[in-house]
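Participant: Here's my sequence, what's the structure:
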Amino acid sequence: MPKIKTSRTKAPPEGFDDIEPQLLEFEQKMREVEEDKTEGLRKAEASWPIFRLHHQRSRYVYELYYKRRAISKELYDYLVKQGYGDANLIAKWKKPGFENLCCLRCIQPRDTNFGTACICRVPKKNMEENKVITCHHCGCRGCCG
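Facilitator: The predicted structure is shown next:
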């Protein structure tokens with residue numbers, strides 16, 4: 001969630017006005033998801049939409065800076081510092097094999113029963129055919145490829 005703007009907050013760098021509508025749209029969607037009813041869902045399932053939006057917003061910032069080169073380093077640093085993008089997740093996306101990583105919890109062995117990576121990190125070619133898997137943490141259906 002982006003930080004609250006006060007009178008002492010620095011003005012955003014040049015170029016922020018161009019991407020602000022998309023960031024505000026992500027923020028509005030996040031509010032709607034947080035207010036949704038979670039009755040009938042498991043505890044983990046209730047947070048899946050939040051993980052998806054967090055991923056989408058961070059991916060948007062990542063692609064603006066690293067793929068399309070549409071924003072400056074100064075603006076990228078500002079966006080990460082203000083919470084519009086997850087710096088740790090973006091750092092993982094730059095590494096080979098993690099280009100499509102859905103969330104950081106899927107690669108943390110302490111969050112699994114057997115001390116390994118999440119089931120969504122297993123390549124689809126190594127899985128049984130016609131078997132639908134869903135990550136317990138974020139609801140991903142396979143981010144390995």
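Participant: Now the residue positioned nearest the centre of the chain. Nearest residue, chain neighbours left out?
Facilitator: In the chain, the C-alpha nearest the mean C-alpha coordinate belongs to residue 55, at 1.8 Å (CA atoms, centre = their mean). In this structure, residue 55 finds its nearest non-sequential neighbour in residue 102, 6.0 Å apart by CB to CB, 6 or more residues apart in numbering. Using the backbone N, CA and C atoms, a C-beta is placed for each residue, glycine as well.
Participant: Residue 51 is in contact with that neighbour, correct?
Facilitator: Yes: using CB atoms under 8 Å, residue 102 is in contact with residue 51, at 7.3 Å.
Participant: who has more neighbours, those two?
Facilitator: Neighbour totals were compared for residue 102 and residue 51, and residue 102 leads with 24 against 20 (other CB atoms under 10 Å).
Participant: That one and residue 96, how far apart?
Facilitator: Distance, residue 102 to residue 96, by CB to CB, to the nearest Å: 17 Å.
Participant: May I ask you to name the longest helix in the protein?
Facilitator: The single longest helix within the chain, with elements called by DSSP state H, is helix 16-35.
Participant: elements contacting the very next helix or strand once past it?
Facilitator: Scanning forward in sequence from helix 16-35 by DSSP states H and E, the next helix or strand is helix 48-62. Contacts defined by 3 or more CB pairs under 8 Å, 6 or more residues apart in numbering; DSSP states H and E place helix 48-62 against helix 16-35, helix 73-82, helix 87-93.
Participant: For residue 60, find the nearest of those.
Facilitator: Counting by CB to CB, residue 60 lies closest to helix 16-35 out of these; the figure is 6.5 Å.
Participant: relative to helix 73-82, how tilted is that closest one?
Facilitator: 20 degrees (axes from the mean of the first three to the mean of the last three CA atoms, to 10 degrees).
Participant: What residues of helix 16-35 count as buried?
Facilitator: 16, 19, 23, 26, 30, 33 (16 or more other CB atoms under 10 Å).
Participant: That helix vs helix 48-62, what angle?
Facilitator: For helix 16-35 against helix 48-62, the angle by the same axes, to 10 degrees is 170 degrees.
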